[in-house]
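Engineer: Next come a sequence and a model predicted from it.
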Amino acid sequence: MRIDIITCLPRLLESPFSDSILKRAQDKGLVTVKVHNLREYSTNKHRTTDDYAFGGGAGMVMMIEPIDRCITSLKSERTYDEVLYMSPDGETLSQSLANQLSLKQNLILLCGHYKGVDERVREHLITREISIGDYVLSGGELAAAVVADSIIRLLPGVLNDETSALSDSFQDGLIAPPVYTRPADYNGWKVPEVLLSGHQSKIEDWKQEEAIKRTKSRRPGLIS
Ligand code: ADE
């Protein structure tokens, strides 16, 4: 898979992809992540990517031209399945959307800033809008990192058996059960006996019960 992220603040996207699982996934050749600086696609002398809104109103608006030039240049190299615009009023990211996107080959993620992008970008250049929740961030970069992380960890070979995404919360419609590690007794706070029993089928039953209990109490909406 290949993910191209378009931003006017590329430094914001350096660290999420240079550590841990997301770095290993790239090192293993399972995903290519490229961050593109929108300023490089600006044609004006100061390399600006935003301008005043027609009709007035507070806040700058991201211009269509640099975005179009960047997307056109990427599309001249390969075909993209989706051009996703990060926006608080987009469709909310869910595990099922991450699962769907993880099956794609090439994705573009466009990060918005200021008061958003010229509406014509949304009308003509993007295929889908994604929000990571009902709150407003300063820009789409952190949202793009969240979206990319949720997708990349699902790619075959990125996680090993022990960290498999199949045991993630939401993957089976349930919240994951609690986990414990050594010591088995910390200041009298004990690990549930069954986990120390070595009885694998009892342990699996316990995990399932805990996952259901936890989902009912924390996210009852997930259980129909
Ligand atoms: N840009 C600003 N806020 C956002 C959000 N909640 N989700 C996605 N992109 C955003």
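Structural biologist: Good, I have the coordinates.
Engineer: For Asp68, see how far away Ser76 is.
Structural biologist: 12 Å (C-beta to C-beta, to the nearest Å). Backbone N, C-alpha and C define where each C-beta goes, glycine included.
Engineer: More neighbours: which of those two?
Structural biologist: Applying other C-beta atoms under 10 Å to Ser76 and Asp68 shows that Asp68 carries more neighbours, namely 16 against 7.
Engineer: Leaving out the residues flanking it, which one is nearest to the more buried one?
Structural biologist: Leu125 (6.2 Å; C-beta to C-beta, 6 or more residues apart in numbering).
Engineer: any idea of the pLDDT on the one you found?
Structural biologist: You'll see Leu125 listed with a pLDDT of 98.
Engineer: ok, now Lys34?
Structural biologist: For Lys34, the predicted pLDDT is 98.
Engineer: do Thr163 as well
Structural biologist: 65.
Engineer: Would you check how far apart the nearest residue to Ala58 once chain neighbours are set aside and the ligand are?
Structural biologist: Once flanking residues are discounted, Ala58 sits nearest to Lys115: 7.3 Å by C-beta to C-beta, 6+ apart. Distance of Lys115 to the ligand, computed by C-beta to the nearest ligand atom, to the nearest Å: 11 Å.
Engineer: Likewise for Lys213?
Structural biologist: 31 Å.
Engineer: what about that residue, how many neighbours?
Structural biologist: 14.
Engineer: and the helix or strand hosting it, how far out from the chain's middle?
Structural biologist: Per DSSP states H and E, Lys213 falls inside helix 200-218. Remark: helix 200-218 is offset 27 Å from the chain centroid, using C-alpha atoms, centre = their mean, to the nearest Å.
Engineer: now do stretch 145-154
Structural biologist: That offset, for stretch 145-154, works out to 4 Å (C-alpha atoms, centre = their mean).
Engineer: okay, now the domains of this protein?
Structural biologist: Domain segmentation of the chain under automatic domain parsing yields 2-152, 169-222.
Engineer: Looks to me like Asp4 is in a strand.
Structural biologist: Yes. Residue state for Asp4 (DSSP: H, G, I helix; E, B strand; the rest coil) corresponds to a strand.
Engineer: quick one: it from Glu91, how far?
Structural biologist: Asp4 sits at a distance of 20 Å from Glu91 (criterion: C-beta to C-beta).
Engineer: which SS state does the spatially most central residue of the chain fall under?
Structural biologist: Centroid-nearest residue in the chain, with C-alpha atoms, centre = their mean: Val147, separated by 1.2 Å. At Val147 the chain is in helix, as set by three-state DSSP.
Engineer: Enumerate every residue touching it.
Structural biologist: For Val147, the contacting residues are Leu84, Met86, Leu93, Ala98, Leu101, Leu109, Ile130, Ile132, by C-beta atoms under 8 Å, 6 or more residues apart in numbering.
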